[in-house]
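Trainee: Predicted model follows, preceded by the sequence.
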Amino acid sequence: MQPGTTKADSRSPKSAASEPIGLPDGVTVRALPVHADQRGSIVEIFRSDWPTAIVPAQWTVTVSRAGVMRGVHAHPRHEDYFVLLDGRLMFGLHDLRAGSPTAHRAAMLELCGEAPAAIVIPHGVAHGFLFLTPSTYAVATTHHYDVADELGCQWLDPDLGLTWPTTSAQLSARDAALPSLRELVEQVPGWSVR
């Protein structure tokens, strides 16, 4: 594990500041110190000298309403660097990489904008976000947006092993039409489901 990073428990939802264990291989969570005074606060969300293994090609900022589910998405090529800027969400991860030491591992994290953290998500790790409050987040990606690299599966698919706090959420038309996890892994050589 890299200095300044933590991992969270896959057994139950935890905040990013919780005792580290159980995330898929290559997924790291880095606490981001808040420097606050009477004027407000400053948080460094990314530095090129941090051991993230991410060289951003693109940054995107997204705003979501409470009750929105984004995902579950998986990328054959690019890595993500995710930072929740404001709000609260549940973050689900599932390792799809057949050769990974954590293949098929699922993990849930609870993130809160008041305790900022950055999450590195390697390609081949499926991930989704369920927003518990109105939220804003930033994502850096190692490649520019490419629809061919934007795969996904149904967020409630039991094969994911993710326990969300609800079974209803607002989805985009694209996410509502995503296939099962088994159908997803058939699209990418090297991904498998037990």
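Mentor: It's in.
Trainee: quick one: strands adjacent to the helix or strand hosting residue 36?
Mentor: Using DSSP states H and E, residue 36 falls within strand 34-37. Using DSSP bridges, strand 34-37 pairs in its sheet with strand 40-43 (antiparallel).
Trainee: Export the following helix or strand past the strand it pairs with to PDB, keeping only CA atoms.
Mentor: Scanning forward in sequence from strand 40-43 by DSSP H and E, the next helix or strand is strand 58-64. Once non-C-alpha atoms are left out, strand 58-64 reads as follows in PDB (Å, rounded to 0.1, in the frame of the first residue of the first chain):
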ATOM      1  CA  GLN A  58      -9.500  14.500 -18.800                       C
ATOM      2  CA  TRP A  59     -11.300  15.900 -15.700                       C
ATOM      3  CA  THR A  60     -15.100  15.900 -15.400                       C
ATOM      4  CA  VAL A  61     -17.300  17.400 -12.700                       C
ATOM      5  CA  THR A  62     -20.700  15.900 -12.100                       C
ATOM      6  CA  VAL A  63     -23.700  17.100  -9.900                       C
ATOM      7  CA  SER A  64     -26.200  14.500  -8.800                       C
END
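Trainee: List the neighbouring strands of strand 58-64 plus their orientation.
Mentor: Sheet pairing of strand 58-64 (DSSP bridges) gives strand 135-141 (antiparallel).
Trainee: Tell me the buried residues in the partner strand?
Mentor: Residues of strand 135-141 classed as buried: 135, 137, 138, 139, 140, 141 (neighbour count, 16 or more other C-beta atoms under 10 Å). Where C-beta positions appear, they are placed from N, C-alpha and C, glycine not excepted.
Trainee: Next up, the contacts around the residue nearest in space to the middle of the chain.
Mentor: Centroid check for the chain by C-alpha atoms, centre = their mean gives residue 127 as the closest residue, at 4.8 Å. For residue 127, the contact set (C-beta atoms under 8 Å, 6 or more residues apart in numbering) comprises 71, 72, 73, 74, 80, 91, 92, 93, 94, 121.
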